[in-house]
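**Q** Starting from these lines, generate the structure:
(2 chains)
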Amino acid sequence: MKRNFNHMVIPVMLILATLLAVGCNTENEGIFMRISESVEKVDVGSIHLISRASGNLFSYTSKASLQVYDPTTKNWESIPAAGVRHFTFDGTDIVYATEATYPDDNTLYTYDIGTKTHTTWTAEHAVKAMSPQFNLMLLRDGVDNFSVYSADADPLGSSKASFTTQFVDEFPPNLIAFDDTTFLVSGNSASDTTKFSHYYVSGGATDPMTSTTDATFDDNPLVAMAVAGTDIIVIDSLGKVWKATTGTFSAFTSTSSITGFPERNPKNLPYPVFYHGGSLYLQNGDNDFYAVDVTSGAVSEVTLDFADTFSNIKIKSYLVVLDTVYVGTMENGIYTINMLDGTATDI
Amino acid sequence: MKKVLIVLLLCAVIPMMLFAEADTPVKVREYEMGNQMFTFRAGPVIPAFFFRPFLSSSDGEKFLAFPDAMHMKVGGYGSIRYQGFLNSTMALGGELGYLFAYDKGDELFTSVPFQAKLTYIPLQGTIEIPLSVGLGFAYNSYSGGEAPSFLSLLATLEAGVSWYFRDDWGITLGTGLQLIPEIYGSNHPYSDHTTLAGFMPITLSVTYRNN
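**A** Residues are numbered from 1 along each chain as shown, chains lettered A, B, ... in the order given. Okay, here's the model as predicted:
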């Protein structure tokens, strides 16, 4: 009997060791941890924040179009507007364009957030993109011609930048803005539509962005940017970080990459990021937060409390007001990040 | 007076005779080696607890009990089970199931447990009390984030009350605990996320037995 028992020990130990080995989860942060941190979905869908005024947050939501949210009462109020396709904020009003099918022009409207009235623009324009928070819109204003304008005047004032031969109608470029006056336009090159051309615009000057040392800079569209003093960083659609300084726009070099950067379709859409204190912050495809130091181009994972808060929440947009970052999520309403203590709270 | 005594005596004796007839032992079915049971189970599952032994207090509570604290909703469980009797009280077999529950954000957690199951039936007859333990694996998936999944160990404890409304067919109301560990090694960056999860299915079963 004792002999039989001894023979059983080794197989039993092997079985137990196998059970323990397969029970180890090594591929993610923990399903049960994520479940315990899950939050209720808000039924307006994804939230693209536009502006903050009188304590209220104005946004475009995927399920309910233009909305205003009062954090005090937690009430969503609809702004009646059908078929909204592009939107921006001119500092006072929301300007939006409704759907149009190429080659038709879009109808534009101004929504006065004080009087809650809509005004239809006298002129229609072929709007290709608007920067939601920075009073900029990219228009097609001729065959293969594109220009960037402020959205605060009807009729339009003079353009901030024009591109007459650089891009083609078949593949309209996109607009990536850092603020009202500093932005870039990136899209398929007219000379070779498998490659991409990028232009940096600041203070009225337009400069082509290239890399004399790394041709792969032209392989993908740029989807995010930040500027600190003379340092510029941009991120391409693969999550590669490129750095240069003002005055050396042909010297972009790759410094690092964002781990887990998601594949998107279309891949040239602006990526949700926010700039604070010399760093550009973003959430990757696994919901991890990374900070890109604009001066050095170095990438580091964020370990502040807010990174934990968003470990189970996908983010659609940010709105920075001094040290407070308002966060529009894909499904879970609006949060704030206090950048002074690194905490996040749903509002 | 004599007649009254006779009537009282008859009143006492006749019922005794009737009860004596009713007390005739009914043959109770007895299990023996080779008998089999097929069981189909279904019912709600209540998320019971998450236990995170290595989690620091600043990152959350070590023990979360019941749906609200766990950020889960009541889900469901269904399974099929086959067992054969080893002797008159013990049956051994296997069970394949499917457990689901949504979290607070309406993301879906699913678990497919497959386990060896040992059942002990101390009380037998028309009413039975089956007590079971199970050991096996569970394939767990979650629809949130990057839709992670992992294979884990599984241990179960169950108790129930069965009523055999026919000789071969019975129904059982049972409950228990399904334990699913999610283990991270000490060198893993998320080793403090190691969790033992408990789920409590409350099931109604239909059993067919034969010999």
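**Q** quick one: contacts for the residue lying closest to residue A:330 once chain neighbours are set aside?
**A** By the measure of CB to CB, 6 or more residues apart in numbering or on different chains, the closest residue to residue A:330 outside its immediate chain neighbours is residue A:314, 4.0 Å from it. C-beta here means a position set from N, CA and C on the backbone, and glycine is covered the same way. Counting by CB atoms under 8 Å, 6 or more residues apart in numbering or on different chains, residue A:314 touches A:283, A:287, A:329-331.
**Q** which among the residues you listed gets closest to chain B?
**A** Chain B lies nearest to residue A:287 out of the contacts of residue A:314, by CB to the nearest CB, at 5.8 Å.
**Q** circling back: now rank the contacts of residue A:314 by neighbours and give me the top one.
**A** residue A:283 (24 neighbours; other CB atoms under 10 Å in any protein chain shown).
**Q** rewinding a little: closest one of the contacts of residue A:314 to residue A:37?
**A** Checking these against residue A:37 by CB to CB gives residue A:287 as the nearest, at 10.5 Å.
**Q** ok, that closest one - contacts?
**A** Residue A:287 neighbours (CB under 8 Å, 6+ apart): A:310-314, B:145.
**Q** Just give the nearest non-adjacent residue to residue A:95, would you?
**A** residue A:151 (4.2 Å).
**Q** Surely that neighbour is within a strand?
**A** No. Note on residue A:151: no strand contains this position according to DSSP: H, G, I helix; E, B strand; the rest coil, which reports coil.
**Q** just so I have it, where are all the strands in the stretch 1-150 of chain A?
**A** For the stretch 1-150 of chain A, strands defined by DSSP state E, counting those that start in this stretch occupy the ranges A:47-53, A:56-61, A:65-70, A:75-78, A:84-89, A:93-98, A:108-112, A:117-120, A:126-131, A:136-142, A:145-149.
**Q** Pull the residues that contact the last one.
**A** By CB under 8 Å, 6+ apart, the surrounding residues in contact with strand A:145-149 are A:128, A:136-141, A:156-157, A:159-164, A:166-167, A:172-173, A:175, A:183, A:185, A:201.
**Q** Would you tell me what the next helix or strand after that strand is?
**A** strand A:161-163 (DSSP states H and E).
**Q** and for that following strand, what are the contacting residues?
**A** The contact list for strand A:161-163, computed with CB under 8 Å, 6+ apart, reads A:141, A:145-148, A:173, A:185, A:199, A:201, A:206.
**Q** just those: which has the poorest pLDDT?
**A** Lowest pLDDT of the contacts of strand A:161-163: residue A:141, 88.
**Q** That one and residue A:128 touch, don't they?
**A** No. Residue A:141 lies out of contact with residue A:128 (CB atoms under 8 Å); the separation is 10.0 Å.
**Q** These two: which has the busier surroundings?
**A** Neighbour count, other CB under 10 Å: between residue A:141 and residue A:128, residue A:128 has more, with 24 against 16.
**Q** Any idea which helix or strand in chain B has the lowest mean pLDDT?
**A** The weakest-scoring helix or strand in chain B, judged by mean pLDDT, DSSP states H and E, is helix B:2-22 (a mean of 47).
**Q** pLDDT wise, what is residue 71 at?
**A** Let's take chain A. For residue A:71, the pLDDT comes out at 90.
**Q** oops, I was thinking of chain B
**A** On the pLDDT scale, residue B:71 is placed at 93.
**Q** What residues sit buried inside stretch A:104-114?
**A** A:106-111, A:113 (16 or more other CB atoms under 10 Å in any protein chain shown).
**Q** Burial check on whatever residue of chain A ends up closest to chain B, number of neighbours?
**A** Taking CB to the nearest CB, chain B has its nearest neighbour within chain A at residue A:30, 3.4 Å off. Neighbours of residue A:30 under the rule other CB under 10 Å: 26.
**Q** Please work out how many residues are found near the residue in chain B positioned nearest to chain A.
**A** As assessed by CB to the nearest CB, chain A sits closest to residue B:193 within chain B, at 3.4 Å. By other CB under 10 Å, the residues close to residue B:193 number 24.
**Q** Show the buried residues in the contacts of strand A:145-149.
**A** A:128, A:136-141, A:156, A:160-163, A:166-167, A:172-173, A:175, A:183, A:185, A:201.
**Q** For the closest residue to residue A:34 other than its chain neighbours, which residues are in contact?
**A** Using CB to CB, 6+ apart and skipping residues adjacent in sequence, the residue nearest residue A:34 is residue A:312, 4.9 Å away. Residues near residue A:312 by CB under 8 Å, 6+ apart: A:34, A:37-39, A:287, B:105, B:144-145.
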